[in-house]
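S.K.: Sequence and predicted model, in that order:
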Amino acid sequence: MKPEKASILIVEDEPKMRRVLELQLAEEGFRARTAGDAETGLQLLSKEPFDVIVTDFKLPGMSGLEFLHAVKRVNADLPVVIMTAYGTVETAVDAMKAGASDYVLKPFSLAELVLVIRKELDSHHLRQENRDLREALGHRYEYKNIVARSDKMQAVLALVERVAPTNSTVLIGGESGVGKDLVARAIHEHSQRANGPFVKINSTAIPETLLESELFGYEKGAFSGAMTNKPGKFELADKGTLFLDEIGDVPGAIQVKLLRVLQDREFERLGSTKTLKVDVRLVAATNRDLRAALEEGTFREDLYYRLNVVAIDIPPLREHKEDIPALAEFFLEKSARESGKKVQGITPQAMKLLMDFHWPGNIRELQNVLERAVTLSSGEMLDARDIHIDSAPRRASADSAAAALPEGMTLEQWEEEMLREALKRANGNKSQAARALGLSRNALRYRLSKMGVPDPPDKE
């Protein structure tokens with residue numbers, strides 16, 4: 001029988017570190033087993049089940065990366081968290097490409113590691129439950145105002161189905177226009193907080209100087225123009241859900257306050273010393289790569305782990321084009337009803353135009369195109385001449401970019417070449433190379449590791 005406690009395998013060659021991790025995880029309610037090398041770890045793995053593996057990258061004998069490959073051959077779904085030194089971030093990136101679930105940089109706090117483990121446990125259990133449920137029932141998920149016929153979007157809704165009844169913080173990722181707000185609302189409407197408020201705030205739509213007061217409220221006289229007390233979005237969302245869109249653009253000072261609310265469920269209004277308690281579920285969204293923001297130093301690592309308890313990534317429309325016919329029908333019917341037009345369908349020629357386009361603006365752009373087509377149509381069927389896709393500026397832009405690239409070289413190859421050239425001209429000085437490229441030093445390091453380019457030692 002599998003033990004009720006989550007079972008963690010720790011592979012670490014340093015005895016003191018191994019013992020500290022074992023004791024700390026036991027105090028957190030886990031069942032912890034340890035191994036001093038990868039070979040011993042594989043022996044334990046063959047004898048008993050584990051829920052998460054935490055392994056050092058540098059191990060005697062078999063390396064951490066080799067151990068990761070061996071684990072994935074035994075159980076491809078088992079989460080593996082890599083521990084690695086700060087100066088070897090590129091090794092962690094290699095491990096993520098090889099199937100690692102996450103990594104922590106040494107030195108790390110034990111609280112940080114526990115957060116990562118709990119996040120991986122939640123995600124792993126959700127994936128298992130989703131797979132078991134889908135296999136057992138062959139269920140197709142349907143949500144109001146969300147069209148999802150493709151397997152990729154069904155996988156998104158399967159996650160929504162499992163996470164909605166919980167109180168877990170959710171981080172929704174995806175390009176602009178993919179429908180992150182609809183997924184956030186679906187989570188709220190199928191949660192235990194459905195009768196409470198759903199409050200949305202877009203951090204990019206509010207000036208940085210006003211964002212703090214919008215989130216946390218203010219007291220009369222807190223600043224010039226504060227004539228009355230005003231509650232913030234957190235107070236308004238009490239007993240409900242707060243959807244914070246574009247969280248990757250939240251300034252650092254406000255990130256600190258957000259972390260406190262997530263940890264302690266309390267805050268103060270601007271100009272007040274009174275601590276307010278709130279019961280709010282936070283659903284955040286971003287179209288940025290928060291991993292890159294971590295490396296660039298623009299997003300707090302502790303806040304990232306607090307937010308990323310359950311991650312839901314929505315694919316761009318170009319990756320699930322099989323949903324376009326149903327989406328087109330949905331938007332056509334909605335626009336015809338709202339405009340009073342008697343448009344009843346769309347011709348195969350018009351549908352081909354929609355299917356062949358790459359939709360950089362995703363579902364939002366498709367909706368706008370269908371709404372305009374219905375508004376300007378004169379018949380009962382939308383034809384190809386009714387579909388006006390504003391592709392010329394993008395195509396010209398793409399042609400210009402392609403013309404600027406050396407013949408036979410991709411954009412990724414060109415970027416790598418530019419990085420190497422900048423480092424060469426700076427004689428290996430990363431700070432100088434980063435300035436020449438208009439990047440921060442950490443951003444340069446991140447790009448080097450992401451592209452698999454060795455991060456040379458500093459020559460500073």
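M.R.: Everything's here; your move.
S.K.: contacts and neighbour counts: CA atoms only from here.
M.R.: Fine.
S.K.: Make sure Lys274 is actually in contact with Glu266.
M.R.: No: Lys274 lies out of contact with Glu266 (Cα atoms under 8 Å); the separation is 10.1 Å.
S.K.: For the residue nearest the centre of the chain, list each beta-bridge partner.
M.R.: Ranked by distance to the mean C-alpha position of the chain (Cα atoms, centre = their mean), the top residue is Gly173 at 3.9 Å. Legend: beta-bridge partners of Gly173 under DSSP bridges are Thr286, Asp313.
S.K.: What is the subsequent helix or strand relative to the helix or strand bottoming out on mean pLDDT in the chain?
M.R.: In the chain, the helix or strand scored least confidently by mean pLDDT, DSSP states H and E is helix 392-404, which has a mean of 44. As assigned by DSSP states H and E, the chain's next helix or strand after helix 392-404 is helix 411-425.
S.K.: Please compute how far the very next helix or strand once past that next one lies from its chain's middle.
M.R.: Using DSSP H and E, the next helix or strand after helix 411-425 towards the C-terminus is helix 430-437. Centroid separation for helix 430-437 versus its chain: 28 Å, with Cα atoms, centre = their mean, to the nearest Å.
S.K.: next one: stretch 14-26
M.R.: Taking Cα atoms, centre = their mean, the mean C-alpha location of stretch 14-26 is offset from the chain mean by 30 Å.
S.K.: Pull out the buried positions in that stretch.
M.R.: Judged by neighbour count using 16 or more other Cα atoms under 10 Å, the buried positions of stretch 14-26 are 18, 21-22, 25-26.
S.K.: Tabulate those (JSON lines), appending pLDDT and distance to Ala350.
M.R.: Listed next are these as JSON lines, based on pLDDT from 0 to 100; distance: Cα to Cα, whole Å:
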{"residue": "Arg18", "pLDDT": "90", "distance to Ala350": "63"}
{"residue": "Leu21", "pLDDT": "91", "distance to Ala350": "61"}
{"residue": "Glu22", "pLDDT": "91", "distance to Ala350": "62"}
{"residue": "Leu25", "pLDDT": "91", "distance to Ala350": "59"}
{"residue": "Ala26", "pLDDT": "90", "distance to Ala350": "62"}
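S.K.: Pick out whichever of those residues sits closest to Lys321.
M.R.: Relative to Lys321, the closest of the buried residues of stretch 14-26 is Leu25; by Cα to Cα it sits at 44.9 Å.
S.K.: higher neighbour count, Lys274 and Glu266?
M.R.: Glu266 (16 against 10; other Cα atoms under 10 Å).
S.K.: That one bridge partners, please.
M.R.: Assigned bridge partners for Glu266, using DSSP bridges, are Lys277.
S.K.: picking that back up, quick check: the two most widely separated of the buried residues of stretch 14-26?
M.R.: Farthest apart among the buried residues of stretch 14-26 by Cα to Cα are Arg18 and Ala26. That separation is 12.3 Å.
S.K.: Which pLDDT value belongs to His124?
M.R.: At His124, the model reports a pLDDT of 74.
S.K.: quick one: what helix or strand has it in it?
M.R.: His124 belongs to helix 110-137, assigned by DSSP H and E.
S.K.: May I have stretch 365-374 as CSV, with CA atoms only?
M.R.: Extracted C-alpha coordinates of stretch 365-374, given in CSV (Å, rounded to 0.1, in the frame of the first residue of the first chain):
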residue,chain,number,x,y,z
GLU,A,365,-8.6,39.1,-33.3
LEU,A,366,-10.8,36.4,-34.8
GLN,A,367,-13.8,37.8,-32.9
ASN,A,368,-13.1,41.3,-34.2
VAL,A,369,-12.8,40.0,-37.8
LEU,A,370,-16.2,38.1,-37.6
GLU,A,371,-17.9,41.1,-35.9
ARG,A,372,-16.8,43.4,-38.7
ALA,A,373,-17.8,40.9,-41.3
VAL,A,374,-21.3,40.5,-39.9
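S.K.: Give me the contacts around that stretch.
M.R.: 177, 328, 331-332, 335-336, 341, 343, 359, 382, 386-389 (Cα atoms under 8 Å, 6 or more residues apart in numbering).
S.K.: Repeat the analysis, applying 7 Å as the threshold.
M.R.: With Cα atoms under 7 Å, 6 or more residues apart in numbering as the test, stretch 365-374 has contacts from 328, 331-332, 335-336, 343, 359, 386-389.
S.K.: could you pull out the strands for this structure?
M.R.: 7-11, 31-35, 52-56, 80-85, 102-106, 170-173, 198-202, 241-245, 266-268, 275-277, 281-286, 310-313, 345-346, 381-382 (DSSP state E).
S.K.: Now render these as CSV, adding mean pLDDT and distance to Ala433.
M.R.: Shown next, in CSV, are the strands of the chain (pLDDT from 0 to 100; distance: least, Cα to Cα, whole Å):
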stretch, mean pLDDT, distance to Ala433
strand 7-11, 93, 38
strand 31-35, 92, 42
strand 52-56, 92, 31
strand 80-85, 86, 23
strand 102-106, 82, 24
strand 170-173, 94, 31
strand 198-202, 93, 35
strand 241-245, 95, 34
strand 266-268, 90, 42
strand 275-277, 92, 47
strand 281-286, 94, 29
strand 310-313, 91, 33
strand 345-346, 90, 54
strand 381-382, 90, 54
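S.K.: Which of these sits closest to Tyr304?
M.R.: Of these, the one closest to Tyr304 (Cα to Cα) turns out to be strand 170-173, at 9.2 Å.
S.K.: Find out how far stretch 369-381 is from the centre of the chain, if you would.
M.R.: Distance of stretch 369-381 from the chain centroid (Cα atoms, centre = their mean) equals 36 Å.
S.K.: one step back: so can I have CSV of the contacts of stretch 365-374 showing neighbour count, distance to Ala148 and pLDDT?
M.R.: Shown next, in CSV, are these (neighbours: other Cα atoms under 10 Å; distance: Cα to Cα, whole Å; pLDDT from 0 to 100):
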residue, neighbour count, distance to Ala148, pLDDT
Ala328, 22, 12, 92
Phe331, 18, 14, 92
Leu332, 24, 16, 91
Ser335, 21, 19, 91
Ala336, 18, 21, 89
Val343, 21, 23, 87
Trp359, 19, 17, 92
Asp386, 20, 25, 89
Ile387, 22, 23, 90
His388, 13, 25, 88
Ile389, 17, 23, 85
